[in-house]
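Peer 1: Have a look at this prediction, sequence included:
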Amino acid sequence: MKKFKILFLVSLVICLVVLGFVIFNDLIPIGSKEAVAQTQSQEVEPEKSQEPVAEQVGQTKSASAALSQQQEQQKEAVSNNKIICIDAGHQQKANMNKEPIGPGSSKKKAKVDGGTRGRYTGLTEYQLNLDISLKLQQELESRGYTVVMVRTTNDVDISNSERATIANEAHADAFVRVHADGSDSTSVSGASTLCQTAKNPYNGALYEQSRLLSECVLNGVAASSGCKKRQVIETDKMTGINWSQVPSTIIEVGYLTNKAEEAKLNTDEYQTLIAKGIADGLDQFFQQ
């Protein structure tokens, strides 16, 4: 009987020890605990890895924005270092005194005449030229160009050779002379440009650049305004061209002797389209 009691007590102690061990370990084997801990660690890791991804996206966006800004700055720089001299052709009062048509030439022409006049509205060419030139100045400056104006009022006395000299002294990258045309035929319309010939004795070396400038400006005006595109005229008889030592062009914006064209030329909207077209032509010229 005594032995049975001892055996019972030993068994009870063993049972209590086992039960305590099980309860202490939450009924989970050690290996399982390590697996759970590892799984939990793996579940947390993706949250940590999201931070570098977000950072990389932010860096990519920043790099893209910086590149875009750099491209815009480069685009502006192309225009900002260009000087355009604008000559609004003619003036309120003509000066019919003579001047050489080119440096050292014995041939002379009137310093500056009064230009043509609208057959139907009486619009003067000198006023039209100035209106378009002022709009062109504003358009070019908005694109980043530096603009030198030969005149900003009609009450001046500046000869054609003096106008070219202004462009030369400004070291202009392009000299644009704004004019309007006239004809005995009222049916003639459209825009033309003029430049020197390749054999011009005063500045023939500038022929290729002036020809390209004339083509670009004519294309721009025709595309913007929808006017008839006529031609590039090569001539060595224009004093303002002959005295120019920079690429130059004369743009004849249309005919004041054509009723429909004169009516359009007498509106701010059409003048703005012409100014935009000249500016587009200059952009094209500098991109060549």
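Peer 2: That came through, no problem.
Peer 1: looking at the protein, which helix or strand does the model trust least?
Peer 2: helix 30-80 (a mean of 48; mean pLDDT, DSSP states H and E).
Peer 1: Do a quick rundown of the helices in the stretch 101-250 of the chain.
Peer 2: 125-142, 160-169, 207-225, 239-242 (DSSP state H, counting those that start in this stretch).
Peer 1: tell me the contacts of residue 157?
Peer 2: Going by CB atoms under 8 Å, 6 or more residues apart in numbering, residue 157 touches 91, 93, 95, 112. Where C-beta positions appear, they are placed from N, C-alpha and C, glycine not excepted.
Peer 1: In terms of pLDDT, where does the nearest residue to the third one once chain neighbours are set aside sit?
Peer 2: Looking back up the chat, that one is residue 95. Nearest non-adjacent residue to residue 95, counting by CB to CB, 6 or more residues apart in numbering: residue 111, 4.4 Å away. Looking at residue 111, its pLDDT is 98.
Peer 1: where does the chain dip in pLDDT?
Peer 2: Along the chain, segments meeting pLDDT under 70 span 1-80.
Peer 1: So what pairs up with the spatially closest residue to residue 227 that is not a sequence neighbour in the strands?
Peer 2: In space, and not counting its chain neighbours, residue 227 is closest to residue 191: 5.2 Å by CB to CB, 6+ apart. Counting by DSSP bridges, residue 191 is bridged to residue 229.
Peer 1: pretty sure residue 191 is touching residue 222, no?
Peer 2: Yes - the criterion here is CB atoms under 8 Å, and residue 191 meets it with residue 222 at 6.2 Å.
Peer 1: which residues do the two both contact?
Peer 2: 228, 229.
Peer 1: The two - which one has more neighbours?
Peer 2: residue 191 (25 against 17; other CB atoms under 10 Å).
Peer 1: so who does that one touch?
Peer 2: Counting by CB under 8 Å, 6+ apart, residue 191 has contacts 218, 221, 222, 225, 227, 228, 229, 230, 251, 252, 253, 254.
Peer 1: from what I can see the fourth one touches residue 270, true?
Peer 2: Same thing as residue 225. Yes - using CB under 8 Å, residue 225 is in contact with residue 270, at 6.5 Å.
Peer 1: Counting neighbours, go ahead and name the busier of those two.
Peer 2: Between residue 225 and residue 270, residue 225 has the larger neighbour count (other CB under 10 Å), namely 24 against 20.
Peer 1: which SS state does the nearest residue to the more buried one once chain neighbours are set aside fall under?
Peer 2: Among residues not flanking residue 225 along the chain, residue 273 sits closest, at 4.4 Å (CB to CB, 6+ apart). Put simply, residue 273 is helix when judged by DSSP: H, G, I helix; E, B strand; the rest coil.
Peer 1: Residue 273: how many residues sit nearby?
Peer 2: 20.
Peer 1: gap between it and residue 199?
Peer 2: 35 Å (CB to CB, to the nearest Å).
Peer 1: Then residue 211?
Peer 2: Relative to residue 199, and taking CB to CB, residue 211 is found at 13 Å.
Peer 1: what do you get for residue 231?
Peer 2: 19 Å.
Peer 1: out of those two, which sits in the busier spot?
Peer 2: residue 231 (13 against 9).
Peer 1: re earlier: does the residue nearest to residue 225 touch residue 224 like I think?
Peer 2: Yes - if you go by CB under 8 Å, residue 273 and residue 224 touch, sitting 4.9 Å apart.
Peer 1: Show residues contacting stretch 127-138.
Peer 2: 86-90, 115, 147, 149, 151-154, 176, 178-180, 253, 256, 265-266, 268, 271-272, 274-275, 278-279.
Peer 1: hang on, the earlier thing: which residues sit in contact with the residue nearest to residue 95?
Peer 2: 95, 96, 97, 98, 99, 159, 160, 161.
Peer 1: which residue packs closest to the second one, ignoring adjacent ones?
Peer 2: Taking CB to CB, 6+ apart as the measure, residue 96 lies nearest to residue 110, with 4.6 Å between them; neighbours along the chain are not counted.
Peer 1: since we're on that neighbour, how many residues are nearby?
Peer 2: 15.
Peer 1: And for the one 5 residues further on?
Peer 2: Around residue 115 there are 20 other residues, counting by other CB under 10 Å.
Peer 1: Repeat that for the one 3 residues further on.
Peer 2: For residue 118, the tally of surrounding residues (other CB under 10 Å) stands at 23.
Peer 1: Same check on residue 156?
Peer 2: Neighbours of residue 156 under the rule other CB under 10 Å: 16.
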